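J.: Quick one: sequence and predicted model below, then my questions.
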Amino acid sequence: MTRLKNQEQIGEIGKSCVLLSRLFEELIPRVRPGVTPRELDRFSRTFIEKHGGVPSFLDYEGYPASLCVSPNEVVIHGIPRDEPLDEGTIVGLDCGINLNGYFSDAAITLPVGAISPEAERLMRVTRECLDRALEAVKPGARIHDISRAVYGHAKANGYGVVRQYCGHAVGFDVHEDPQIPNYVGPGANPRIVPGMVLAIEPMVNLGTGDVKVLADEWTVVTLDRALSAHYEHTVAVNHDGSVSVLTSWKYPN
């Protein structure tokens, strides 16, 4: 059941999103060859707690970190470890904040130093999938309009789309209904209405869209070990009919 938010609650979720956006602006320049995922995680937890928030991923269903760090073939839920990131890697960062009971969620994929043209193209197209998905959010449209925007653009560019994981509503909890698949399937297709706050997150692979979960029961990798990219914004449908993208990050040139 969709938990709609009033405009005051959307404003409070927006404050959480602003703090998360500030964290991403701090993280982006820290992603460079030699940095370890655990260092990025420690920085994120310290930043969130210093500013009065709670890392919403930490201990969520047993997840052991504040930040998901997902390099190369890791699609999502990469557990931060001590192995340094190498030049040429691409790495997804996914984080959420609980600020006074209001939740935000966002993700970005970044280059570690110089990367290959095929990696650059995958990341660009996945960002475009997110942009198209955000354009599909409007009162009266349906969730599958978002799904169709992501899937159509990814497939037109020859990429695989992850089906086992999806976007979702957010705001009062880490994950809420409705789910927002990145493909048009037979599931629920509710209408988009004012009061919805949605975390939209294309997960696009260089090869197959199929994935598997590793033995740690968290890390999701592409089945063929091809590269994957992941981007996510939290967006609100306001009660005046307008739509606001609540999270932000300035992508490095």
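T.: Now that the structure is in, tell me what you want to look at.
J.: just for the stretch 151-253 of the chain, where's the confidence low?
T.: Applying pLDDT under 70 to the stretch 151-253 of the chain flags residues 253.
J.: Could you measure from residue 3 over to residue 163?
T.: Computed as Cβ to Cβ, to the nearest Å, the residue 3 to residue 163 distance reads 25 Å. Bear in mind the C-beta positions are built from the backbone N, C-alpha and C, glycine included.
J.: again but with residue 72, I slipped
T.: Taking Cβ to Cβ, one finds residue 72 at 20 Å from residue 163.
J.: Specify which residue of those two has the higher count of neighbours.
T.: The neighbour count for residue 72 versus residue 163, taken as other Cβ atoms under 10 Å, is higher for residue 72 (21 against 15).
J.: and the more buried one, what is it in contact with?
T.: 89, 90, 91, 227, 228 (Cβ atoms under 8 Å, 6 or more residues apart in numbering).
J.: and which of those residues is nearest to residue 13?
T.: residue 91 (26.7 Å; Cβ to Cβ).
J.: From residue 228, how far out is that closest one?
T.: Taking Cβ to Cβ, one finds residue 91 at 11 Å from residue 228.
J.: okay, the two: which has more neighbours?
T.: Neighbour tally, residue 91 and residue 228, criterion other Cβ under 10 Å: the higher count belongs to residue 228, 30 against 21.
J.: Just to check, that one is in contact with residue 208?
T.: No: with contacts counted by Cβ atoms under 8 Å, residue 228 stays clear of residue 208, the gap being 10.4 Å.
J.: Need the overlap of contacts for those two.
T.: Contacts common to residue 228 and residue 208, judged by Cβ under 8 Å, 6+ apart, are residue 222.
J.: Now do the helices in the stretch 101-250 of the chain.
T.: 117-135, 143-156 (DSSP state H, counting those that start in this stretch).
J.: Contacts for the last one, please.
T.: With contacts defined as Cβ under 8 Å, 6+ apart, helix 143-156 is touched by 125-126, 128-130, 132-133, 135-137, 160-161, 167, 178, 180-185, 188-190, 192, 198, 200, 202, 204.
J.: Packing partners of the longest helix along the chain?
T.: Counting residues, the longest helix found in the chain (DSSP state H) is helix 7-27. Helices and strands touching helix 7-27, by 3 or more Cβ pairs under 8 Å, 6 or more residues apart in numbering; DSSP states H and E, are helix 37-50, strand 90-99, strand 102-111, strand 233-237.
J.: Including distance to residue 174, could the ones you listed go into JSON lines?
T.: Formatted as JSON lines, those follow (distance: least, Cβ to Cβ, whole Å):
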{"stretch": "helix 37-50", "distance to residue 174": "14"}
{"stretch": "strand 90-99", "distance to residue 174": "6"}
{"stretch": "strand 102-111", "distance to residue 174": "6"}
{"stretch": "strand 233-237", "distance to residue 174": "12"}
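J.: Which one, of those, ends up nearest to residue 251?
T.: Shortest separation from residue 251 across those is recorded for strand 102-111, at 7.4 Å, computed as Cβ to Cβ.
J.: tell me the contacts of the closest residue in space to residue 233 that isn't next to it in sequence?
T.: Nearest non-adjacent residue to residue 233, counting by Cβ to Cβ, 6 or more residues apart in numbering: residue 247, 4.8 Å away. Neighbouring residues of residue 247 by Cβ under 8 Å, 6+ apart: 17, 20, 21, 24, 104, 105, 106, 232, 233, 234.
J.: The residue nearest to residue 209 when sequence neighbours are not counted - how many residues pack around it?
T.: With sequence-adjacent residues excluded and distances taken as Cβ to Cβ, 6+ apart, residue 209 is closest to residue 160, at 3.3 Å. The tally of other residues near residue 160 (other Cβ under 10 Å) stands at 21.
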